[in-house]
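below: sequence and its predicted model.
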Amino acid sequence: MNSKNGNISNIACNIILFANGERGYLVCSELLKNRFSVTQIITSTKSLHYFTDLFPDIEVLCFENVNDQSTIFAIKAFAPDLFIVAGFSQIFTRALLDIPSYHTINLHAGPLPQYRGGSPLNWQLINGEKHIAVSALLMDEGIDTGNILAEASFPLEEQMTILDLHYKANQIFPILCIDAIKKLLSCDSGQVQTSHNATYWHQRSDDDGLIDFRSTDAYKANRIVRALSYPYPGAWT
């Protein structure tokens, strides 16, 4: 594996996967299928046993704060070549991003730069986008501001719920991840984002489920209900 100034030279490069839930499982499975070496999975306490059971041959770790100095020291000792982030919510500091000898790839559930920030699938559904898009990008110190390596989309069909969107996105992310790595293999650092049309969306909470019928028409109310259905707690009024 070459440095950040070179290209990835070994398809068996050491990868640390920062992941949670089904998205992380599917991405890890695809990486192994493509002969990449996932040496560690770093996850939350909620997904710790999930990954331990599914990948008994991979070291699964949980850190309360991945940016803590002792955690950075421990991760650095693994000498990773590449970080891949799939459904992991903690923000990475420069000290953490500097660890892998090449880059950090983040799998983001929205088009960029229009859907930076939190809950991009929910917001795309609420806003009535005709197509739902997902992205793979290089992670930097900004929030979803790095170069775009790969993108994909699927049509938003009538009456699709957020559960359908998560399922569709999770099927796409493993392929998108491999495409992004192949781009790095070919010395392609992706497309630079511009600030034009850049929008940040906040991470939705239960309070955001309120439907005010004085200012919300039936079509948008329908989309809010679908966007906050299971596994979310639901819309309310």
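Structure received. Please read all numbers here as calculations on a predicted model, not as lab measurements.

just the buried residues of the biggest helix by length in the chain, please?
In the chain, with assignment by DSSP state H, the single longest helix is helix 162-185. For helix 162-185, a neighbour-count test (16 or more other Cβ atoms under 10 Å) marks 162, 164-166, 168-170, 172-174, 176-178, 180-181, 183-184 as buried. The C-beta positions use only the backbone N, C-alpha and C, and glycine is treated the same way.

for that helix, enumerate the helices and strands it packs against.
helix 21-33, strand 82-86, strand 103-108, helix 120-126, strand 131-138, strand 148-155 (3 or more Cβ pairs under 8 Å, 6 or more residues apart in numbering; DSSP states H and E).

so which of the ones you listed is nearest P56?
Closest to P56 of the helices and strands packed on helix 162-185, according to Cβ to Cβ: helix 21-33, at 12.5 Å.

please save the CA atoms from that closest one in CSV.
The C-alpha trace of helix 21-33 is given here as CSV (Å, rounded to 0.1, in the frame of the first residue of the first chain):
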residue,chain,number,x,y,z
GLY,A,21,-26.3,-2.5,11.5
GLU,A,22,-27.2,-4.1,8.2
ARG,A,23,-25.5,-1.5,6.1
GLY,A,24,-22.2,-2.4,7.8
TYR,A,25,-22.8,-6.1,7.5
LEU,A,26,-23.5,-5.9,3.7
VAL,A,27,-20.5,-3.7,3.1
CYS,A,28,-18.2,-5.9,5.0
SER,A,29,-19.5,-9.0,3.2
GLU,A,30,-18.9,-7.4,-0.2
LEU,A,31,-15.4,-6.3,0.8
LEU,A,32,-14.5,-9.9,1.9
LYS,A,33,-16.1,-11.2,-1.3
